[in-house]
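*Asks:* any chance you could fold what I've pasted below:
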Amino acid sequence: MLSVVVLISGGGSNLRALLEAAEHPDFPARVVAIGADRDAEGFDHAADFGIPTFAVALSSFADRAAWGDALLEQILVWDPDLVVLSGFMKLLPERVVERLGPRLINTHPAYLPEFPGAHGVRDALAAGVEQTGASVIVVDAGVDTGPILAQERIPVLPEDTEATLHDRIKLVERRLLIETVAAIATGTIDLGAFGPDSPDTDSPDTEELSPA
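*Replies:* The predicted model follows:
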């Protein structure tokens, strides 16, 4: 059984979908803890499913490196097989990514490498494209530049607003996340192919993302 820690910053709609999937006895993964960089609304889902939570606020630390170290310490308490970023709106310090990678994944509301960054849906609309998408990736040191594990195209409708398009993307995003976690758990996706699990090197910090 794959053990998963999920990190959130907001309402955690993708988290909710994963928790519901994990309730099924045949699903090969379980969420063991939910963390956040604030007192996130998504902790309500944790309460509903009886999942432990932890919060590590950047503002409580002198610098990003110290925050990353504290967050990593909380994650490692649970000895997870996989860490999922689900609407987690801060980029992790590189040394945290290196310590957890490649067993660290994220969802993104675009068909990467198209429209990376915090405003993928808005950027797709501004570009006037006829289709965008949803992706699940391995997190690396860049912004949405890691290896792609799953993705799917989604049409942009003439009447779409950022909200309506994002709502449709989220439906696909949730399904892709659940399918990807299951595939990792069953070995259909081998994350070991993307690099060592736990290197010990230190690297510079990265910047915070703004909420979409």
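
*Asks:* nearest residue to the most centrally placed residue in the chain in space, please, no chain neighbours.
*Replies:* Computing the C-alpha centroid of the chain and ranking residues by Cα atoms, centre = their mean puts residue 85 first, at 2.1 Å. Nearest non-adjacent residue to residue 85, counting by Cβ to Cβ, 6 or more residues apart in numbering: residue 106, 4.1 Å away. For the C-beta atoms, the positions are set from N, CA and C on the backbone; glycine is no exception.

*Asks:* for that neighbour, what are its contacts?
*Replies:* By Cβ atoms under 8 Å, 6 or more residues apart in numbering, the contact set of residue 106 is 84, 85, 88, 136, 137, 139, 144, 146.

*Asks:* at 10 Å what do you get?
*Replies:* Going by Cβ atoms under 10 Å, 6 or more residues apart in numbering, residue 106 touches 7, 83-88, 92, 135-140, 144, 146, 149, 177.

*Asks:* on that earlier part again, next one: phi and psi at the residue nearest to the centre of the chain?
*Replies:* Note on residue 85: its backbone torsions stand at phi -90, psi 120 [degrees, to the nearest 10].

*Asks:* again, but for residue 145
*Replies:* Dihedral angles (degrees, to the nearest 10) for residue 145: phi -110, psi 0.

*Asks:* where does the protein have low pLDDT?
*Replies:* Under the criterion pLDDT under 70, the flagged ranges of the chain are 196-212.

*Asks:* if we can go back for a sec, what about the residue nearest to residue 85, which helix or strand?
*Replies:* Using DSSP states H and E, residue 106 sits within strand 104-108.

*Asks:* quick one, the helix or strand encompassing residue 174 and strand 104-108 angle?
*Replies:* Following DSSP H and E, one finds residue 174 within helix 162-186. Put simply, helix 162-186 runs at 150 degrees to strand 104-108, going by axes from the mean of the first three to the mean of the last three Cα atoms, to 10 degrees.
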